[in-house]
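Colleague: Predicted model follows, preceded by the sequence.
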Number of protein chains: 2
Amino acid sequence: MSEKHLAAGDALPAYGGKLRLFAMRFCPYAERSVLVLNAKNLQYDLVFVNLDSKPEWLFEFNPKGSVPALEYEQGKAIFDSAIINTYLDEKYPEVPLQSSDPLRRAQDKVFVELFMGANAAYYAAAFNPNGFLPSHLEAYHKGLELLQKELESRGTKFLHSDEPGLVDYTIFPQLERFESLPLLGKPEMAIEKTKYERLVNYLDAMKNVPAVKQYYLSAETHAKFAESKTKGEANYNMLDTSDACCIRPRKKKQ
Amino acid sequence: MSEKHLAAGDALPAYGGKLRLFAMRFCPYAERSVLVLNAKNLQYDLVFVNLDSKPEWLFEFNPKGSVPALEYEQGKAIFDSAIINTYLDEKYPEVPLQSSDPLRRAQDKVFVELFMGANAAYYAAAFNPNGFLPSHLEAYHKGLELLQKELESRGTKFLHSDEPGLVDYTIFPQLERFESLPLLGKPEMAIEKTKYERLVNYLDAMKNVPAVKQYYLSAETHAKFAESKTKGEANYNMLDTSDACCIRPRKKKQ
């Protein structure tokens, strides 16, 4: 897998006959679908796109030009992480990631809606520090407290059950990024074990789930990307090693 | 059913043992759930709330304080029209409103996402005329064209099939309101039969669906409500006749 993000003018890679996800390496919404594809043991190709210089063909898969988009059949796609993930879970039922109870499925979605109240605070803190308000900090901790309370009341290792499910894969990408906030000048947004013990244990457990582990990025990496984006020069390819040959010392020709 | 909207300080009506929907008479999102409840022949109570002076108990059912919210069991609720409607359709499968094919269900949701691109134009035109931009008009007609094209390519009377389904009940409340735009000083937003014949026939067919007919409001009524809201005095109770006795001439006491 190349970590290079394709940009305007770049050709669409040849179709490989598998599901294909259009994503951006640092996008939490795209990560939701990556984690679900991993958790369901599906074979897929991943194409990263530069969101500041979008390849023209991205709009053929998603007229809105956002990621994630899933090419489920050559030239045919659906988009939006919630739509994609529900589709994947229903189409490939071998590893079910949702409860069989319609009410619990609805409650999971309601929980995500409420938890996402913390997300505006993350965006302001990471990408628009001058726009950060006291109300953001309040909403952020309200979201974390809600999650901790929900973990306690459900009493299982993950929100879904003792195995992670769609609800966990939906919120984790946000949490992964929240952990970069102390590195971005917001120590008051750290997820402290003293206050959030149950939540910190949950985070540790999620990081050890194979579907997550293979795609997880450290707080340091997320902070670096956020800094580059805030400067107006989002460094999409910071993890790309596909051109690394060029910077290695070359052997002299014999 | 009273059309009166309860406000801060008003008591929560006694629970009647049925599903109960918290709504606002002119809210298109709440209407989505009303139509689905009707289409599925479910028994329910409807409680209208004043969104400019919210009753305190609204937040017990939905911490976000928005409508619709569905009390599915005394004191327990879920919210968000898409979450509620999927729940209702899955919990009460007697009258299924979605395809049995996961891909078609995903495509219906993708279609709604794209169609809703027209909705920002409606809000600007109806409630913020000074904020109306040429790009709004373009997005509006793009949404209508997309719908007409989708109706043509599906070839059925409704989007779902020859019977309306969740996708139809989701977009119709928006269309019902779009028809008020020529009355609000936007003749260029009329849905003209010359350009949108297939779409106008679809609208006529939807208005005759029993689930819609019993809740439908005319373009004139929507325009009146929008005008009151734009003036900053949203007239929530304009359809309420529960106090009508007071304005009828009373008989003299004998």
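Modeller: Now that the structure is in, tell me what you want to look at.
Colleague: make it CA atoms for all contacts and neighbour counts henceforth
Modeller: OK.
Colleague: element containing the closest residue to residue A:156 other than its chain neighbours?
Modeller: Leaving aside its sequence neighbours, residue A:156 sits nearest to residue A:162 (Cα to Cα, 6 or more residues apart in numbering or on different chains; 5.3 Å). Residue A:162 is part of no helix or strand, with elements assigned from DSSP states H and E.
Colleague: Ok, residue A:83 next?
Modeller: helix A:81-91.
Colleague: What lies in contact with that helix?
Modeller: A:29-30, A:32-33, A:36-37, A:40, A:68-70, A:78, A:95-98, A:166, B:102-103, B:105-106, B:109-110 (Cα atoms under 8 Å, 6 or more residues apart in numbering or on different chains).
Colleague: List the buried residues of that helix.
Modeller: A:81-90 (16 or more other Cα atoms under 10 Å in any protein chain shown).
Colleague: pull the CA atoms of that helix into PDB?
Modeller: C-alpha atoms of helix A:81-91 as PDB (Å, rounded to 0.1, in the frame of the first residue of the first chain):
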ATOM      1  CA  SER A  81     -18.900   6.700   6.200                       C
ATOM      2  CA  ALA A  82     -22.200   5.800   7.900                       C
ATOM      3  CA  ILE A  83     -23.800   4.800   4.600                       C
ATOM      4  CA  ILE A  84     -20.700   2.800   3.500                       C
ATOM      5  CA  ASN A  85     -20.400   1.000   6.900                       C
ATOM      6  CA  THR A  86     -24.000   0.100   7.200                       C
ATOM      7  CA  TYR A  87     -23.900  -1.300   3.600                       C
ATOM      8  CA  LEU A  88     -20.700  -3.300   4.300                       C
ATOM      9  CA  ASP A  89     -22.200  -4.700   7.500                       C
ATOM     10  CA  GLU A  90     -25.400  -5.700   5.800                       C
ATOM     11  CA  LYS A  91     -23.900  -7.000   2.600                       C
END
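Colleague: Check which element follows it along the chain.
Modeller: Past helix A:81-91, the next helix or strand by DSSP H and E is helix A:102-115.
Colleague: Find out how far the following helix or strand past that next one is from the centre of the chain, if you would.
Modeller: As assigned by DSSP H and E, the chain's next helix or strand after helix A:102-115 is helix A:119-127. Here helix A:119-127 is found 15 Å from its chain centre; the criterion is Cα atoms, centre = their mean, to the nearest Å.
Colleague: Show me what helix A:119-127 is packed up against.
Modeller: Using 3 or more Cα pairs under 8 Å, 6 or more residues apart in numbering or on different chains; DSSP states H and E, the elements in contact with helix A:119-127 are helix A:134-154, helix A:219-230.
Colleague: Next, the buried residues of the longest one.
Modeller: Looking back up the chat, that one is helix A:134-154. A:136-137, A:139-148, A:150-151.
Colleague: same check, this time on the last one
Modeller: By neighbour count, with 16+ other Cα under 10 Å as the criterion, the buried positions of helix A:219-230 are A:219-220, A:222-227, A:229.
Colleague: Distance to chain B and pLDDT added to the residues you listed, as JSON lines?
Modeller: JSON lines is the format used below for these (distance: Cα to the nearest Cα, whole Å; pLDDT from 0 to 100):
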{"residue": "A:219", "distance to chain B": "30", "pLDDT": "98"}
{"residue": "A:220", "distance to chain B": "33", "pLDDT": "98"}
{"residue": "A:222", "distance to chain B": "29", "pLDDT": "98"}
{"residue": "A:223", "distance to chain B": "30", "pLDDT": "97"}
{"residue": "A:224", "distance to chain B": "33", "pLDDT": "97"}
{"residue": "A:225", "distance to chain B": "29", "pLDDT": "97"}
{"residue": "A:226", "distance to chain B": "28", "pLDDT": "97"}
{"residue": "A:227", "distance to chain B": "31", "pLDDT": "96"}
{"residue": "A:229", "distance to chain B": "27", "pLDDT": "96"}
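Colleague: quick one: low-confidence ranges for the stretch 151-254 of chain A?
Modeller: For the stretch 151-254 of chain A, applying pLDDT under 70 flags the ranges A:243-254.
Colleague: List the residues that contact the residue in it positioned nearest to chain B.
Modeller: Here the stretch 151-254 of chain A gets closest to chain B at one residue, residue A:167, 13.8 Å apart by Cα to the nearest Cα. Shown in contact with residue A:167 (Cα under 8 Å, 6+ apart): A:98, A:108-109, A:112, A:159-160.
Colleague: Check residue A:234 too.
Modeller: A:225-228.
Colleague: how far away is it from residue A:139?
Modeller: Residue A:234 sits at a distance of 27 Å from residue A:139 (criterion: Cα to Cα, to the nearest Å).
Colleague: And the furthest pair within the contacts of residue A:167?
Modeller: A:98 and A:112 (13.6 Å; Cα to Cα).
Colleague: Just want to know which of these two has more residues nearby.
Modeller: Applying other Cα atoms under 10 Å in any protein chain shown to residue A:98 and residue A:112 shows that residue A:98 carries more neighbours, namely 20 against 17.
Colleague: backbone phi and psi for the more buried one, please?
Modeller: With angles defined as degrees, to the nearest 10, residue A:98 sits at phi -130, psi 160.
Colleague: Correct me if wrong: residue A:44 contacts residue A:20.
Modeller: Yes: with contact defined as Cα atoms under 8 Å, residue A:44 counts as touching residue A:20 (5.4 Å).
Colleague: that older thread, only the buried subset of the contacts of helix A:81-91, as a PyMOL command please.
Modeller: Only the buried entries of these go into this PyMOL selection, using 16+ other Cα under 10 Å:
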select buried, (chain A and resi 29+30+32+33+36+37+40+68+69+70+78+97+98+166) or (chain B and resi 102+103+105+106+109+110)
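Colleague: residues of stretch A:204-213 that come out buried?
Modeller: So for stretch A:204-213, counting by 16+ other Cα under 10 Å, buried means A:206-207, A:211-212.
Colleague: Quick one: distance of it to the chain centre.
Modeller: On Cα atoms, centre = their mean, the centre of stretch A:204-213 falls 13 Å from the chain's centre.
Colleague: what about that stretch, start to end distance?
Modeller: End-to-end distance for stretch A:204-213: 11 Å, by Cα to Cα.
Colleague: can you map out the helices along the stretch 151-254 of chain A?
Modeller: Taking DSSP state H, counting those that start in this stretch as the criterion, the stretch 151-254 of chain A contains helices spanning A:166-178, A:197-207, A:210-213, A:219-230.
Colleague: Thanks again, I'm all set now.
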